[in-house]
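Novice: Need a 3D model of the following:
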Amino acid sequence: MEVKAAIERRPTRQVMVGSVAVGGDAPITVQSMTVTRTADHEATLQQIYDLAMAGADIVRCTCNEIEAAEGLARIVPRSPVPIVADIHHQYRMALAALEAGVHCLRLNPGNIRKPEHIRAVATEARDRGVPIRIGVNGGSLHPDLYEKHGGRVTPEAMVESALDEIRFFADVDFDLIKISVKASSVPIMVEAYRQLSEVTDYPLHLGVTEAGPPPAGLIKSSAGIGALLSQGIGDTIRYSLTADPVEEARAGRALLEAMG
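Specialist: Residues are numbered from 1 along each chain as shown. Predicted coordinates:
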């Protein structure tokens, strides 16, 4: 039986997160997230350096308060890797993070719902040339999508959420987009990414949300992320573990090495 030496990846667009290419013919990248308070910029920087040493190509930091945005303004110039700002419910925090110089935003369509707020953030990101990850999470879908899909988290509901956000971005000619459709259920997550890969060519950020602590969290994440990578789906990955984030970076790097 003939075995292919390498997995053929699904063609995607390429976006630049700072100096790191994601998608297209770029290598699959590893991401992780700090667990420090972003306002404590020295502690956060130390963790970013630890993550970079462990193999993280890109690091995400929470931006949920103005002090966090001020911390990011100090962190970004000193960081060894590009920084993504994780935005929760306040669109103004996204604008503050952009002003701080972050290299990418992560927006959850289930949290920031007003079209005018979404468009305002996308417009500012467009003008600065900063990409946005549409970070759909099965645990925080828009209530209307839950109702439409029978009160359940389904792959179809998650894909619909992502496509709705893309349309808001298109209203202001913004297309520097990455997408994730994460769920705590591996089968739902895998099917959501598979469906999404059939209807868009934006780069995909893979992950299983709320995977839990090692070893169970490692196994769960590896099952989901590995299944997709084996199908050629995925441009950047993150293990989401209840553990030291350095373990996330090491696990992501180990999985990529195992997948060849």
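
Novice: phi, psi of residue 106?
Specialist: phi -120, psi 120 (degrees, to the nearest 10).

Novice: for it, what are its contacts?
Specialist: Applying C-beta atoms under 8 Å, 6 or more residues apart in numbering, we find residue 106 in contact with 60, 84-87, 132-133, 135. Using the backbone N, CA and C atoms, a C-beta is placed for each residue, glycine as well.

Novice: Okay, strands next: where are they in the stretch 101-250 of the chain?
Specialist: Applying DSSP state E, counting those that start in this stretch to the stretch 101-250 of the chain gives strands spanning 104-107, 132-137, 177-182, 205-206, 236-238.

Novice: in the worst-scoring helix or strand of the chain on mean pLDDT, what counts as buried?
Specialist: The helix or strand with the lowest mean pLDDT-type score in the chain, counting by mean pLDDT, DSSP states H and E, is helix 143-148 (a mean of 89). Going by neighbour count (16 or more other C-beta atoms under 10 Å), the buried part of helix 143-148 is residue 145.

Novice: same for that helix, what does it pack against?
Specialist: helix 155-170 (3 or more C-beta pairs under 8 Å, 6 or more residues apart in numbering; DSSP states H and E).

Novice: what inclination does the helix it packs on have with respect to strand 132-137?
Specialist: Interaxial angle, helix 155-170 versus strand 132-137 (axes from the mean of the first three to the mean of the last three C-alpha atoms, to 10 degrees): 150 degrees.

Novice: can I get the CA coordinates of helix 155-170 in CSV?
Specialist: Extracted C-alpha coordinates of helix 155-170, given in CSV (Å, rounded to 0.1, in the frame of the first residue of the first chain):
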residue,chain,number,x,y,z
PRO,A,155,-21.7,22.4,13.6
GLU,A,156,-24.2,24.2,11.4
ALA,A,157,-24.9,26.9,14.0
MET,A,158,-21.2,27.5,14.6
VAL,A,159,-20.5,27.8,10.9
GLU,A,160,-23.5,30.2,10.4
SER,A,161,-22.1,32.4,13.2
ALA,A,162,-18.8,32.7,11.5
LEU,A,163,-20.3,33.5,8.1
ASP,A,164,-22.6,36.1,9.6
GLU,A,165,-19.5,37.9,11.1
ILE,A,166,-17.7,37.7,7.7
ARG,A,167,-20.7,39.5,6.2
PHE,A,168,-20.4,42.4,8.7
PHE,A,169,-16.7,42.6,7.9
ALA,A,170,-17.5,42.7,4.2
